[in-house]
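[1] Need a 3D model of the sequence below.
(chains A, B, C and D, ligands or ions: 2)
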Amino acid sequence: MKLDSMYQELILDHYKHPHGRGLREGDAEVHHVNPTCGDEITLRVKYDGETLTDVSYEGQGCSISQASASVLNELLVGKELSEARKIQGVFLELMQSKGKVEPDEEMEEVLEDAVAFAGVSKYPARVKCALLSWMAWKDATAQVLGDAERKTA
Amino acid sequence: MKLDSMYQELILDHYKHPHGRGLREGDAEVHHVNPTCGDEITLRVKYDGETLTDVSYEGQGCSISQASASVLNELLVGKELSEARKIQGVFLELMQSKGKVEPDEEMEEVLEDAVAFAGVSKYPARVKCALLSWMAWKDATAQVLGDAERKTA
Amino acid sequence: MTQLPGLLDIEAIRKDFPLLDRVVHDGKKIVYLDNAATSQKPRQVLDALNEYYEQHNANVHRGVHVLAEEATALYEGARDKVAAFINAPSRNEVIFTKNASESLNLVANMLGWADEPYRVDRDTEIAITEMEHHSNIVPWQLLSQRTGAKLKWFGLTDDGRLDLSNIEEVITEQTKIVSFTLVSNIMGTVNPVDAIVRRAQEVGALVLIDASQAAPHMPLDVQALGADFVAFTGHKMCGPTGIGVLWGRQELLEDLPPFLGGGEMIETVSMHSSTYAPAPHKFEAGTPPIAQAVGLGAAVDYLTAIGMDKIAAHEHAITEYAVKRLLEVPDLRIIGPTTAEDRGAAISFVLGDIHPHDVGQVLDEQGIAVRVGHHCARPVCLRYGIPATTRASFYLYSSPAEVDALIDGLEHVRNFFG
Amino acid sequence: MTQLPGLLDIEAIRKDFPLLDRVVHDGKKIVYLDNAATSQKPRQVLDALNEYYEQHNANVHRGVHVLAEEATALYEGARDKVAAFINAPSRNEVIFTKNASESLNLVANMLGWADEPYRVDRDTEIAITEMEHHSNIVPWQLLSQRTGAKLKWFGLTDDGRLDLSNIEEVITEQTKIVSFTLVSNIMGTVNPVDAIVRRAQEVGALVLIDASQAAPHMPLDVQALGADFVAFTGHKMCGPTGIGVLWGRQELLEDLPPFLGGGEMIETVSMHSSTYAPAPHKFEAGTPPIAQAVGLGAAVDYLTAIGMDKIAAHEHAITEYAVKRLLEVPDLRIIGPTTAEDRGAAISFVLGDIHPHDVGQVLDEQGIAVRVGHHCARPVCLRYGIPATTRASFYLYSSPAEVDALIDGLEHVRNFFG
Ligand SMILES: Cc1ncc(COP(=O)(O)O)c(C=O)c1O
Ligand SMILES: Cc1ncc(COP(=O)(O)O)c(C=O)c1O
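    Numbers count the residues shown, from 1 in each chain, chains lettered A, B, ... in the order given. Ligands and ions are numbered 1, 2, ... in the order given. Here you go, the predicted model:
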């Protein structure tokens, strides 16, 4: 069934057992909404110098947006900022591929569990769900750095 | 040719040799425009008690609107107000008939030369041309009478 | 097949709608339950569009050539049809816009720029309700921000109805305009027009009714409603996209100032000043949606031929059946009235804690098209403490079998996320 | 048959336009010379409309079902096509409206409600020209009345060109916005964009170009124009009625306030306040003209496949021929440029003292459709001391034989009223 390409076992797992959910202390907090469906996320980031030490979040949303936040937490926490940015870039590329990018080994190495979202990229209405937390993370990070990148999210 | 039903000899005659054209002294003056084509008329009426003693006018417009003003002058000047109103009413009815009213003897008796406009009523875009001076006359008369009819023109 | 009293001859009607034969996801015939978002179009409407473009296309109102006369007659003929459809006292009270949203904004802007006694300003109030579509909220928020007028609203009861208990505080002597929806697009609630109109008239406020979810589904009589303005949209009532309607009382349309300026809406223009054409043209700047008005005229003919009362009866039967069957689904909660009384054919619900996005996605895979989200009525979601709903909405071509398909589909959803 | 260099394969092109086979007045094939009012539609555009309604119709942006995704992809795909057609730096700079008039009013209203530095108020000025279409005059008159800003304009020379001799008085340090037409719809004049843009930039004024009569006829590159906003309308460029475009620079669209409020244009709504979606959606309240955007996309594909440069060359050849032949007609006076240089394919003229209404009527009887009147540009008629003009306007399917028919027709007019 085509649907299984979106709702990978791994995504449903993350949805049912989210990682790092809840709001903890952070250096910056952002609130993002998906205007098409009303999904919301409040997300905080904490950095120790160059290292992302925590991403905590709270919000409501569908399985895709919830699982995506969980995967983000698992994948990015503990990484250096530059590495985290690279991962975010690759994830964005995958999600905007309209199902046309078949993740290769190199991509899988970077994205780990997040490659499970490849199937979601075929569903334009759901791509925003998958990206909600990632855009929020990008925005919060920009806030911490106080840099001008903020508005491009 | 169908066109001849609009451009009756009589209409072209009135167009080329208009009756009563020019502005003379009057009891009230109005200025009407046809927004679809920019045709304009300035028209004055003069009453002596119940009798319409003059309709003078000036303006620019097509053969139909010019001829119609000339016929109006010929037909209405000298009439009692009630009679003039009746004529105006019958003319209006004819013009709004979309070519469906075949003028009978009774109508011809009332409208005289103005029955020549029957053909114009088949051309919706030109009906307004034929009515321009008649609406102006109605409006000017209402002004003279100072009555509330004014806005209905 | 389930037989219900009052149904239309669905098989015959469905033959008029080409899209209903559409097959999706490897062979599944579409079950289109997203009619509150937009309706499908009958062949008769598409034919009218094609005939217009192939035989009569020209710009309107300004030509003496035969095409221009035909196009004008068709466009103005559509106005006559719409006027008859809503029982307008005069055809000149029917303004064509691009959609209901423009119609609603048009009224808000007229009142913002109006002279007394209509003018909305910092000493006045605007009243709406918590169940409005965003298109009947945001224009008033903008007007309120820009003029300083105070925006008030009716809240909702737990069962999805307007709470009119504080009507005298919501509509006061300061109120200039009361704007509310006849039928909620998210909950299906049919609102009590009389009570609101009576109070508005008491204080001399104008009344605007958003009939976007009513015009497609029930007989609409603007005189009986007693409102001053009524807005609706073509694409939800078998018409094309790109066309909406604002009906307004003639005296008001005469008194109120224009909104958009341009060709068609003028009487005479000089560089120094302009005067305006009488309504409706005063409010129709530029080349209007000509083909779309013609298409809406054809839609109105189509609906009238079937009969709006019959369509309402059909939908009532389907809604009754759907409500009953939905309430049998475990963990399903209807947001809005839980009977078919005083409700339209849009039914919102939540299914346990499965997010509507996920419900909609799994239904889609089975060929069932429902809408999920806040349905442009986010305050309703906030009111009931939910992020979103799943909404199934029916129309004249909806069948009991499609209700059954929905119920089966929901079973599948529960299993999938179970 | 007259052969001119640079003509398109007219016979092949005419086969795409069903209406051109229309027969009027007892057997006369239509000679459609009213293209500046609206163009005819090729089969390809009608097919796109039908396919949209029969296969993909749904409301956009808010659905997870397959129809909603397809409709959204088609609608947003049309935006991509239009963006490419005008060489926009970003697709998000392309706003769909209902017609050019709405696009122009949108800019006027944005600026009226804007914060500094864009805000138009009593201390500022607006500059337009005397050859504008009413749709580019009245919005500015309204804005000027409502804000107190001063409205100024460029006059015209005797040969139908802009008189820029007093450019420093018309565009001053107080000027906030300069709005002018790229091609005059009444005289065909092509205006000198560079000189005006340069002066506007000098004083920091925004520039809005009305490209309604340019987009259908010549390559349009919004970046090369150097303007801040460009407006045009779908129905004149082989597209459906009910669709227009406003292009605007991204930073401006971000900074400027919304105009119409409603569904689609919001980010989040509560009863107390709302936030807005990023452009272009911020300016597209309500269900957009979906099918019409799709149709415009198909029109743009059609024109691009032929080539806008080739279309311009074709029209240039026809215009050159038409001007030459018209000038041979006794008592005929062209209002506007009397050569084909820097002019489009709309040619206005007066014929002795025969009123244009009468000219148009007699031409119509011969199957020749021209427009008569002030063409929504009454100030031009006032300027040249004439009540109205007769206008013949050509497009990609116009042939030299149609010019010949017009000339013969005018001969007939002269005899009729001779
Ligand atoms: C130069 C110009 N500007 C604006 C318009 C207005 O376009 P629309 O009527 O489609 O709004 C037109 C055509 O009518 C035009 O020729
Ligand atoms: C109740 C209600 N009002 C207004 C609208 C707005 O209609 P449109 O999007 O056609 O402007 C809708 C539908 O979207 C609606 O359901």
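
[2] now the helices for the chain?
    I went with chain A, as the question did not name one. For chain A, the helices defined by DSSP state H occupy A:3-6, A:9-16, A:63-76, A:81-95, A:105-111, A:124-145.

[3] My question was about chain C, not that one.
    Taking DSSP H to define them, one finds helices in chain C at C:10-14, C:43-51, C:66-85, C:100-113, C:138-147, C:167-170, C:193-203, C:222-225, C:250-255, C:290-306, C:308-328, C:356-365, C:378-384, C:400-416.

[4] got a list of what the residue most central in space within chain C touches?
    Central residue of chain C (C-alpha atoms, centre = their mean): residue C:212, 1.2 Å from the mean position. Contact partners of residue C:212, counting by C-beta atoms under 8 Å, 6 or more residues apart in numbering or on different chains, are C:100, C:133, C:135, C:181, C:185, C:231, C:232, C:233, C:236. C-beta here means a position set from N, CA and C on the backbone, and glycine is covered the same way.

[5] which ones are touching the residue of chain A found nearest ligand 2?
    Distances between chain A and ligand 2 by C-beta to the nearest ligand atom are smallest at residue A:36, namely 13.8 Å. By C-beta under 8 Å, 6+ apart, the contact list for residue A:36 reads A:125, A:128, C:373, D:61, D:62.

[6] Most neighbours of all these, which one?
    residue C:373 (28 neighbours; other C-beta atoms under 10 Å in any protein chain shown).

[7] pLDDT score for the closest residue to that residue other than its chain neighbours?
    Nearest non-adjacent residue to residue C:373, counting by C-beta to C-beta, 6 or more residues apart in numbering or on different chains: residue A:37, 4.3 Å away. At residue A:37, the model reports a pLDDT of 70.

[8] Next one: residue C:5, what pLDDT does it get?
    Here, the pLDDT recorded for residue C:5 equals 88.

[9] So it versus ligand 1, what's the distance?
    49 Å (C-beta to the nearest ligand atom, to the nearest Å).

[10] if I read this right, that residue contacts residue C:317, doesn't it?
    Yes - contact criterion C-beta atoms under 8 Å: residue C:5 and residue C:317 qualify, at 6.3 Å.

[11] so who does the most centrally placed residue in chain A touch?
    Nearest residue to the geometric centre of chain A (C-alpha atoms, centre = their mean): residue A:134, 3.5 Å. Residues near residue A:134 by C-beta under 8 Å, 6+ apart: A:68, A:72, A:88, A:91, A:92.

[12] Ok, residue C:228 next?
    C:206, C:207, C:208, C:248, C:249, C:252.

[13] let's see it at 10 Å
    Counting by C-beta atoms under 10 Å, 6 or more residues apart in numbering or on different chains, residue C:228 makes contact with C:107, C:118, C:177-178, C:197, C:200-201, C:205-209, C:222, C:247-249, C:251-253.

[14] need the residues of chain A near chain D, please.
    Listed as neighbours of chain D in chain A under the rule C-beta under 10 Å from any C-beta of the partner chain: A:31-38, A:40, A:62, A:98, A:122-126, A:129, A:151.

[15] how does it look with 8 Å?
    A:33, A:35, A:36, A:37, A:38, A:123, A:124, A:125, A:126 (C-beta under 8 Å from any C-beta of the partner chain).

[16] re earlier: just send the helices of chain A back as JSON lines, with mean pLDDT too.
    As requested, the helices of chain A are exported to JSON lines (pLDDT from 0 to 100):
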{"stretch": "helix A:3-6", "mean pLDDT": "83"}
{"stretch": "helix A:9-16", "mean pLDDT": "93"}
{"stretch": "helix A:63-76", "mean pLDDT": "95"}
{"stretch": "helix A:81-95", "mean pLDDT": "95"}
{"stretch": "helix A:105-111", "mean pLDDT": "92"}
{"stretch": "helix A:124-145", "mean pLDDT": "93"}
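
[17] just to revisit the earlier point, from residue D:76, how far out is the residue nearest to the centre of chain A?
    The gap separating residue A:134 from residue D:76 is 21 Å, by C-beta to C-beta, to the nearest Å.

[18] count of neighbours near residue 11?
    All of this is about chain A. Neighbour number of residue A:11 under other C-beta under 10 Å is 24.

[19] oops, chain C please
    Based on other C-beta under 10 Å, the number of other residues close to residue C:11 is 9.

[20] Which single residue in the stretch 1-150 of chain C comes nearest to ligand 1?
    Nearest residue of the stretch 1-150 of chain C to ligand 1, counting by C-beta to the nearest ligand atom: residue C:59, 7.2 Å away.

[21] Need the per-residue pLDDT for that residue.
    pLDDT, read off for residue C:59, is 96.

[22] Same check on residue C:207?
    Here, the pLDDT recorded for residue C:207 equals 98.

[23] what residues are up against it?
    Per C-beta under 8 Å, 6+ apart, neighbours of residue C:207: C:177, C:178, C:179, C:196, C:197, C:200, C:201, C:226, C:227, C:228, C:229.

[24] Please name the bridge partners of the first one.
    Beta-bridge pairing for residue C:177 (DSSP bridges): residue C:126, residue C:206.

[25] Contacts only, for it.
    C:107, C:111, C:120, C:126, C:127, C:205, C:206, C:207, C:208.

[26] cool, and the third one?
    With contacts taken as C-beta under 8 Å, 6+ apart, residue C:179 has the following neighbours: C:104, C:107, C:126, C:127, C:128, C:132, C:136, C:140, C:207, C:208, C:209, C:210.

[27] Drop anything exposed from these.
    C:104, C:107, C:126, C:127, C:128, C:132, C:136, C:140, C:207, C:208, C:209, C:210 (16 or more other C-beta atoms under 10 Å in any protein chain shown).

[28] Quick check: chain neighbours aside, which residue is closest to residue 55?
    Picked chain A for this. Spatial nearest neighbour of residue A:55, chain neighbours left out: residue A:73 (5.0 Å); criterion: C-beta to C-beta, 6+ apart.

[29] that's the wrong chain, I meant chain C
    Closest residue to residue C:55 apart from its sequence neighbours, by C-beta to C-beta, 6+ apart: residue D:22 at 6.1 Å.

[30] Now do residue C:123: how many residues are near it, please.
    12.

[31] what residue of chain C is the furthest out?
    Relative to the centre of chain C, and counting by C-alpha atoms, centre = their mean, the farthest-placed residue is residue C:272 at 39.7 Å.
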